[in-house]
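[1] Structural data only, the sequence is not supplied:
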């Protein structure tokens, strides 16, 4: 993650509002984010701070009552906000894979796992055709890792005039399904494919969702609170899996969580969000060693540790801001012990204070 | 509980329900001799007063009501449903019923098909474009169907498609009966379903004629229930479209068409499909007015005539057969629901 | 006990008010519901003032020289129709007794609306009472009520109402009872279901611990909480009741052939369908519009109150 590289995904000053009965919810208040190749960036914050909204905006899956008011989302140089629905759909199929929080509600209960997994592979019949051809030349079964390495070899002249039959394509899809389930460490893939989501355990379902994401060979992997609905032991297993996959797949990951411990486990960099803004971004070590933003500092102090003995848990005084009528200027200012006059008039911008460490605060 | 235990329990319940239905109809028909003589089917005008009294005594019409009911129960277990009155030429009630029943079944089947063919797309469109113009239009259509008296609608259809069309020189649809009178009896009766019999006898003219006679009445019937179905489909679709797995399907980059047809529709149609059975059973009963208006020789028309003459025997057959169908259909629908939704386990 | 219960209700009231405001907001957004409500309101007001505008005695003036005649140039009904050459303009033609059909419909609307109201409220009340007690008390009573309801549900179509009407003679009261017999069972199921689910909730247990009797719990606490789906059902049933009642009249069970009632007027139209089609058309159309109005409102209400579809 050299700083000299340009980010693969960059969010600039993103503003999103929701129209509701009670008023306009100003969910995102100018979010800035940079995601570099092959890194894991963790987006951390309390519920309602806008983490999921940011992710949904990136892949254009906001509900109908949401409007993007401004900002840019640059992916490989292009502004995603300017793209059509169909173009975004293709991007979701080929570049952005998402895994969500609750595998029970996010999987279709009346379709088998096979249907739900195979349809992802079948999105890109060209790639499958390539895979069939490659398999024939390899003269052994194609696995997911081979499939992965085929990415980017589109339309090479040697393949464009060779045909693969529909049946072959379908079979390749099915075989890849089985192999990708092995990649996510699921035993007995053939049986799982025939089952319905409710017949699987929570951890297994989550792995299936991850498999569905892997099937697309994405450039950006968005994991939205994927461990929240699981119990701690399964959580650990999934995180372990994510760490292993990180080396095999060539993707950048945005790991959304409210649990700092999860972020600490797996992230290279952590971005802390509050009330619709990113308030601090730094490498994981930096954030834990030297948090700069008052909110981050209080967050660190609020986590109970095993090593230090504490009398009382330090909670952060006050409550989360009402996003319909947010406080002017910096949204953390009502609860901030170091608040200055300037904080209630203008929102601070994210600035690089120390190398690779950005903060949005007037203290610096 | 196990499946067969459940079925047996429901069947026992059904027997009880049938007793209740028959008791109520029996009591209403025979308990209040407001000018309707229950023995009308057993006498003819030439009988003397004494002969009539004989008949009354022999058939037990002078006994207290619960004794009559008991006799009636005895009779039906022997297969004797009694005779129907003058409007049906004093024939055995069950024969009259089963002669006419296929016409009603034909009508109900056609109406059910129409209901699904029109109601389903109407509901889906409503849901996909909810709260926009197509939704409003289909809801108005659906609710109008629900608000229309079938006798009125049937007559308007007759007026336009039969009377005015012939006035204006357009080819018109027949207004009454099941088959044009000169064609009656020209083919052997196999199933009693006019169109089917015509096809079986390779008599295309007959089958086509029967089909034409079926159009208006079935449309009249269907108009009322299609609104109901559209409503259910709409509500169901809307709920499904809000589910997380639809967001997931979209996030996979699937084409919207696939999201809707493969992911959403299958879930949404579960309640609608199960309702089809209930619709059919309901249409069997609702055919009453439609048949009356279109003079279709089915059991509904017969029931209306029977009511006017206080003919308890026919009404009992009618009520019991249809009640049985309703209860059994409900049972089948409940069981089918289990099979369609893999989440519900028995 | 009293003060606690008052406190509970004050809190409830505030929450209910906020809820109501949200409901009205959703309703206002739906143009169909607004249209339906306006139409329904129109008919209600019409029913209240109709006999001020039109002299009800007109229902008893019979002039057979004017039977089945039409003189409104806007619609041509075809060759079988007799044209009225008299001085009055008859916007909707005359009926078999020479009475102005328009005025008869104006008189019939209040009658039908009023009867439908009584039947709807009556069947709802009966069903609610039965369902509430059955659900709360449970046990044998509940079983019996369920079985009886099953029996009534199993009756095909209008048979029960027809048989009752045929046997008990032709008074309006008897006809109302006949229709009521068909429409009460859904309320039993509805109310019973509500009671069963509310019964398990914490506040009921609290009330019982405080010594509240079953009737108090049922009718001062559970019933108000369940009132929404019942109201929706009543609004939707209102149209159906008008349809059923007028169908009975249409088939010939009316107490007097000259009664200004929509189904009754249509009934005469049936026999003269080719020479006086307006006699069937306009009363029927009125029924459609009234039923549609209430169905629009009820349908919209049901959408809005569906807890799964609320934002």
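    Arrived safely. This one's a predicted model, so the numbers in the text were calculated from it and none came from an experiment.

[2] Tell me the residue of the stretch 151-300 of chain C that sits nearest chain A?
    Residue nearest to chain A within the stretch 151-300 of chain C: residue C:300 (16.6 Å; Cβ to the nearest Cβ). Backbone N, C-alpha and C define where each C-beta goes, glycine included.

[3] Return the set of buried residues in the helix or strand harbouring that residue.
    Per DSSP states H and E: residue C:300 is located in helix C:278-305. Going by neighbour count (16 or more other Cβ atoms under 10 Å in any protein chain shown), the buried part of helix C:278-305 is C:278-288, C:290-305.

[4] which other helices and strands contact that helix?
    Counting by 3 or more Cβ pairs under 8 Å, 6 or more residues apart in numbering or on different chains; DSSP states H and E, the packing neighbours recorded for helix C:278-305 are helix B:133-147, helix B:150-158, helix C:2-29, helix C:31-53, helix C:101-137, helix C:227-248, helix C:262-271.

[5] do you know which of the ones you listed lies nearest residue B:236?
    Residue B:236 sits nearest to helix B:133-147 of all the helices and strands packed on helix C:278-305, at 14.0 Å, using Cβ to Cβ.

[6] does chain A sit close to the closest one?
    No - Helix B:133-147 does not reach chain A (Cβ under 8 Å from any Cβ of the partner chain); its nearest approach is 14.0 Å.

[7] which other helices and strands contact that helix?
    When contacts are defined as 3+ Cβ pairs under 8 Å, 6+ apart, helix B:133-147 packs onto helix B:93-128, helix B:204-241, helix C:31-53, helix C:227-248, helix C:278-305.

[8] Look at residue 305 and report its pLDDT.
    By default, I'm working from chain A. Looking at residue A:305, its pLDDT stands at 67.

[9] Chain C is the one I meant
    Looking at residue C:305, its pLDDT reads 73.

[10] check contacts around it.
    C:23, C:228-229, C:232 (Cβ atoms under 8 Å, 6 or more residues apart in numbering or on different chains).

[11] Export those residues as TSV, with columns for distance to chain A, neighbour count and pLDDT.
    Formatted as TSV, those follow (distance: Cβ to the nearest Cβ, whole Å; neighbours: other Cβ atoms under 10 Å in any protein chain shown; pLDDT from 0 to 100):
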residue	distance to chain A	neighbour count	pLDDT
C:23	11	15	72
C:228	18	18	79
C:229	22	16	83
C:232	21	21	87
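
[12] Just the closest of the residues you listed to chain B, please.
    Nearest to chain B among these, counting by Cβ to the nearest Cβ, is residue C:232 at 12.5 Å.

[13] these two touch, right, the closest one and residue C:298?
    Yes - if you go by Cβ atoms under 8 Å, residue C:232 and residue C:298 touch, sitting 5.7 Å apart.

[14] What distance do you get for the spatially closest residue to residue C:199 that is not a sequence neighbour to chain A?
    Nearest residue to residue C:199 in three dimensions, chain neighbours excluded: residue C:136, at 6.5 Å (Cβ to Cβ, 6 or more residues apart in numbering or on different chains). Residue C:136 is 35 Å from chain A, where distance means Cβ to the nearest Cβ, to the nearest Å.

[15] could you list every residue that touches residue C:136?
    Contacts of residue C:136 by Cβ under 8 Å, 6+ apart are C:195, C:199, C:214, C:217-218, C:222.

[16] one step back: the contacts of residue C:305: which two are farthest apart?
    Across these, no pair lies farther apart than C:23 and C:229, at 13.0 Å, counting by Cβ to Cβ.

[17] circling back to that earlier point, read off the pLDDT value for the residue of the stretch 151-300 of chain C closest to chain A.
    pLDDT recorded at residue C:300 is 84.

[18] Residue A:322: what secondary structure?
    coil (DSSP: H, G, I helix; E, B strand; the rest coil).

[19] tell me the phi and psi of it?
    According to degrees, to the nearest 10, the main-chain angles of residue A:322 amount to phi -80, psi 120.

[20] and residue B:91, how many neighbours?
    15 (other Cβ atoms under 10 Å in any protein chain shown).

[21] Spatially nearest residue to it (excluding sequence neighbours)?
    Once flanking residues are discounted, residue B:91 sits nearest to residue B:84: 6.1 Å by Cβ to Cβ, 6+ apart.

[22] quick one: that neighbour from chain C, how far?
    As for residue B:84, its distance to chain C is 15 Å (criterion: Cβ to the nearest Cβ).
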